[in-house]
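Visitor: just to be clear, the model below is a prediction. Sequence and coordinates:
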Amino acid sequence: MKTFLAIFLGTPEKMMAWKPDDATMKKGMEQWSKWATDNKDAIVDMGSPLGKTKRIDKNGIADTKNALGAWTVVQAESHEEAAKLFLNHPHFTIFPGESVEIMECLPMPKM
């Protein structure tokens, strides 16, 4: 099995502008919970939503914005199988998220 990092993306403006009613929010959370239950054997770490971002570079520290909204770690036999776990995910079918990007977590190179 390989390990993959899933990043949930959505533009901050779109996410902040979304004003769901209680029924929509409830439906979204129920569907997200169902997704987690349906895929519990593949989920290594459910992850969490992501907060405000600081950027650090040679010039120091500054506030910044990006499209990163949350993260999850899953296991699958292949990159394609990991990606299929997120087809029709409530992040973008109910919530205003735009996509989920999946990348393999590679081993650290030996020194």
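Guide: On my side now, so go ahead. Residues are numbered from 1 along each chain as shown.
Visitor: what's the helix or strand of the chain with the lowest mean pLDDT in contact with?
Guide: Every helix and strand in the chain was compared by mean pLDDT, DSSP states H and E; the lowest is helix 12-17, with a mean of 84. Taking contacts as C-beta atoms under 8 Å, 6 or more residues apart in numbering, the residues outside helix 12-17 that touch it are 65-67, 69, 96-98. Backbone N, C-alpha and C define where each C-beta goes, glycine included.
Visitor: just the C-alphas of the longest helix anywhere in the chain, formatted as CSV.
Guide: In the chain, taking DSSP state H as the definition, the longest helix is helix 22-38. These are the backbone C-alpha positions of helix 22-38, laid out as CSV (Å, rounded to 0.1, in the frame of the first residue of the first chain):
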residue,chain,number,x,y,z
ASP,A,22,-29.0,24.8,8.3
ALA,A,23,-30.4,22.0,6.2
THR,A,24,-27.6,22.3,3.6
MET,A,25,-25.0,22.3,6.3
LYS,A,26,-26.5,19.3,8.0
LYS,A,27,-26.7,17.4,4.6
GLY,A,28,-23.1,18.3,3.9
MET,A,29,-21.8,17.1,7.2
GLU,A,30,-23.9,13.9,7.0
GLN,A,31,-22.5,13.2,3.5
TRP,A,32,-18.9,13.9,4.6
SER,A,33,-19.4,11.5,7.6
LYS,A,34,-20.8,8.9,5.2
TRP,A,35,-17.8,9.3,3.0
ALA,A,36,-15.5,8.8,6.0
THR,A,37,-17.3,5.7,7.1
ASP,A,38,-17.4,4.2,3.6
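Visitor: and that helix, average pLDDT?
Guide: Over the span of helix 22-38, the pLDDT mean works out to 95.
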